[in-house]
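J.: this one's structure only:
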Ligand code: BJW
């Protein structure tokens, strides 16, 4: 991380009246939750996205897709928020008009103390049946024993909906599916009204979520990016902080 940039970013955050924090998989990487597209640890370095993160994939092979999501849910349940999540909760505590928008399907922002993160891509913890207006479903706790624990690539048959008997699916947004309308509207409005948007740990390539920092920049907000790697969001960012979130974010709120 270059010397003067963190100071500038910290000053921008202190002076802002309306802050938006926009996060992707990178914020949870240091909690041990794999990202999607990173070369070595990315989920899709090992699995083909089109096989797993689409409604067609679930329709074709529900046990494989449900097993993959149960494996990921178990990993998240065993993970803890890291100092990056905690720093974001601190930003929110200092400036209560802060809006946290995440593309992540984990609950680590909430467990770090963030009040009401907007989840653009749903959650691992809100399964519903496959019917159009899907009944919410409840999930059993994952088994404790190693033998029965979901594992990467393991097949687990999805449960049936208690109301209608159809298959239960993960409550996430797959490719080709619409984002939850209220969440997307709230995110766009918050971005357009922000003075500062802090984007953390996202490759910025999945739309329409990737529009959020761009909307803020077009509306005159200063965009601060935290990411160890360059991304397409470099171009709209006033400050690029190259480093891992769990190191960079605590320094911004120190
Ligand atoms: C660190 C770090 C550390 C590492 N610290 N950083 C316009 C143009 C082109 C295509 C489209 C378009 N509009 C729509 C599309 C199609 C498609 C799309 O965007 N495709 C592109 C990939 C080309 N979009 C859709 O299909 C969306 N739906 C839609 O548009 O519907 C239209 C519609 C309207 C009305 C009716 C019906 C339809 C839906 C997109 C859903 C995305 N879903 C997923 C899966 C969620 C479920 C699950 O978890 O399995 O969401 S895909 C996946 O990507 C997931 C993520 O939220 C999302 C973004 O990924 P993210 O978070 O950026 O992670 P990575 O891995 O990409 O990046 C991690 C970053 O962290 C890297 O930069 C690292 O360097 C960094 N990092 N360690 C900080 N320690």
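T.: Arrived safely, thanks for sending. Because the structure is a prediction, the values reported are computed rather than measured.
J.: List the buried residues of stretch 45-58.
T.: Neighbour counts over stretch 45-58 (16 or more other Cβ atoms under 10 Å) mark 47, 52-54, 57-58 as buried. Backbone N, C-alpha and C define where each C-beta goes, glycine included.
J.: what does stretch 13-21 give?
T.: For stretch 13-21, a neighbour-count test (16+ other Cβ under 10 Å) marks 13, 16, 18-21 as buried.
J.: Repeat that for stretch 212-221.
T.: 212-217, 221.
J.: now swap in stretch 173-183 and tell me
T.: For stretch 173-183, burial by neighbour count (16+ other Cβ under 10 Å) applies to 173-174, 179-180, 183.
J.: Please apply the same query to stretch 93-104.
T.: Within stretch 93-104, the residues that count as buried by 16+ other Cβ under 10 Å are 95, 98-104.
J.: Columns secondary structure, pLDDT and distance to residue 135 on top of the residues you listed, output as TSV?
T.: Converted to TSV, these look like this (DSSP: H, G, I helix; E, B strand; the rest coil; pLDDT from 0 to 100; distance: Cβ to Cβ, whole Å):
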residue	secondary structure	pLDDT	distance to residue 135
95	coil	90	38
98	coil	97	34
99	strand	98	29
100	strand	98	28
101	strand	98	27
102	strand	98	25
103	coil	98	25
104	coil	98	24
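J.: Against the ligand, which of the residues you listed make the cut? List them.
T.: residue 103 (Cβ under 6 Å from any ligand atom).
J.: possible to save the buried residues of stretch 93-104 as CSV with distance to residue 7?
T.: Below are the buried residues of stretch 93-104 laid out as CSV (distance: Cβ to Cβ, whole Å):
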residue, distance to residue 7
95, 18
98, 20
99, 24
100, 23
101, 25
102, 26
103, 28
104, 28
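J.: For residue 203, state which of the buried residues of stretch 93-104 is nearest.
T.: The closest of the buried residues of stretch 93-104 to residue 203 turns out to be residue 103 (Cβ to Cβ; 9.9 Å).
J.: how about the strands in this structure?
T.: Assignment of strands within the chain using DSSP state E yields the ranges 19-23, 99-102, 118-119, 122-129, 168-172, 196-200, 222-226, 239-241.
J.: Get me the contact residues on the stretch 101-250 of the chain for the ligand.
T.: Residues of the stretch 101-250 of the chain lying near the ligand (Cβ under 6 Å from any ligand atom): 103, 105, 121, 172-178, 201-203, 205-208, 226-229, 231, 244-245.
J.: rerun that using 5 Å as the cut-off
T.: Applying Cβ under 5 Å from any ligand atom, we find that the stretch 101-250 of the chain lies next to the ligand at 103, 105, 121, 172-173, 175-176, 178, 201-203, 206-207, 227, 229, 244-245.
J.: so residue 44 touches residue 37, yeah?
T.: Yes: with contact defined as Cβ atoms under 8 Å, residue 44 reaches residue 37; the gap is 6.3 Å.
J.: shaky segments in this structure?
T.: 1-3, 40-41, 49-51, 139-151 (pLDDT under 70).
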